[in-house]
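>>> give me the fold of what follows.
(one chain, ligands or ions: 1)
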Amino acid sequence: MLEKFIVTIDGTSSTGKSTIAKRIARKLSYTYIDSGAMYRALTFFCLEQKIISKSFFKKDVLLKKLNNIKIDFKKNPKNNILEINLNGAFVEDKIRTIMVSDFVSILAKLDDVRTFMVKIQHSLGEKKGVVMDGRDIGTVVFPNAEYKFFLEASPKLRAERRFNELKKNNNKVSYEDVYNNIISRDTHDINRLNSPLKMASDSIFIDTESLDLDEVENIILNHITS
Ligand code: CDP
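Predicted coordinates for the structure are as follows:
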C-alpha cells in the first residue's frame, strides 16, 4: 500500500492557504481539513447563542457548553464536498462573514477551545493522507508531519485578495475593514500564549507575494513528490 503523509500548511490570514491546501489534497487524493473553519464554526455558534458580542463575552457559558458542541467535517449531499458541520448543520456559507472574522481570534486564544479543537484535529489526521491548513498545525497539532509549509505575503496584498474574494461572494464590506481585521487577527494569532502562529523550524517557507496559485502549488508538489 502507498505510504500516506500528513501535509501541514500554516501562515497568516489570506495567504492562499486553503485554496492551495485544497489543490494539493486533490492532486494527492488526500482529505483536506480547514482547521480555521472549525474555529469559525465555534465563533458562529457563540454569536448565534449570544455568548459573545461587542459588549460582552460569557466565557463561562461557552466553557460549560463546549464539550457538547459537535464540530466535524461531513460530505454535504448538495455538492458532495467535505464541509464543516456544526451540531448537524452545514455552516460553510455562514462562517466567512466579517462578523465571524472579528471575533474568531478572541475565542481561538482560549486554552480550553484549543484543547477541544486539537483533539478533533488529531482524530481527523489519525489515518494520515491529510492536508490540514491553519496557524499551529505544523507546530502543535502535527509536529511530526512529513511535510510542512508556511505561506506569507504582505498585509496589503492579503487584504486585497480577501476583499476581492468577499466581494465576489456578495459580502458588503470595505477594503479598510478587511485590512484592519487582517492586522488585528495577525496580532492576536502571533502574540497569544497558547499555540501562537509561528513557523515550525522544519517548515518550508514560501513567500507568495509574487507567485500565482499554480506556482505555489507546483513548489509544494515538487517537495512532496521529489
Ligand atoms: O482564512 P483565514 O486565513 O483568514 O483564517 P482561517 O484559517 O479561517 O482562521 C480564522 C482564525 O481562526 C484565525 O485568525 C485564528 O485566530 C484561528 N485559527 C487558529 O487559531 N488556529 C488554527 N489552526 C486555525 C485558525
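
>>> what residues are up against residue 204?
Applying CB atoms under 8 Å, 6 or more residues apart in numbering to residue 204 gives the contacts 147-150, 220, 223. Placement of C-beta: from N, CA and C, glycine included.

>>> show the subsequent helix or strand relative to the longest helix anywhere in the chain.
As assigned by DSSP state H, the longest helix anywhere in the chain is helix 175-191. Following helix 175-191 in sequence order, the next helix or strand is strand 204-207 (DSSP states H and E).

>>> quick one, helices of the chain?
Going by DSSP H, the chain shows helices at 17-28, 35-48, 59-65, 98-107, 111-125, 155-168, 175-191, 213-225.

>>> of these, give the one that comes closest to the ligand.
Judged by CB to the nearest ligand atom, the one of these that comes nearest to the ligand is helix 35-48, at 2.1 Å.

>>> got a list of contacts for the closest one?
If you take CB under 8 Å, 6+ apart as the criterion, helix 35-48 is touched by 18, 51-53, 62, 69, 71, 84, 86-87, 91-92, 94-96, 99-101, 103-104, 107-108, 113, 117, 120-121, 132-135, 137, 141.

>>> distance from that helix to the middle of the chain?
On the basis of CA atoms, centre = their mean, to the nearest Å, helix 35-48 sits 11 Å off its chain's mean C-alpha point.

>>> what is the rounded mean pLDDT of that helix?
Taken as a whole, helix 35-48 carries a mean pLDDT of 98.

>>> between it and helix 17-28, how big is the angle?
Angle between the axes of helix 35-48 and helix 17-28 is 130 degrees (criterion: axes from the mean of the first three to the mean of the last three CA atoms, to 10 degrees).

>>> which bits of the protein sit near the ligand?
For the chain, the residues found near the ligand under the criterion CB under 6 Å from any ligand atom are 13-14, 17-18, 35-36, 39-40, 104-105, 108, 134-137, 185, 189.

>>> filter those to the buried ones?
Neighbour-count burial (16 or more other CB atoms under 10 Å) is assigned, among those, to 13-14, 17-18, 35-36, 39-40, 104-105, 108, 134-137, 185, 189.

>>> sorry, back to before: of the helices of the chain, flag the one that's most buried.
A comparison of the helices of the chain by mean neighbour count, using mean count of other CB atoms under 10 Å, puts helix 35-48 on top with a mean of 22.

>>> that one to helix 98-107, inter-axis angle?
Using the same axes, to 10 degrees: helix 35-48 against helix 98-107 is 100 degrees.
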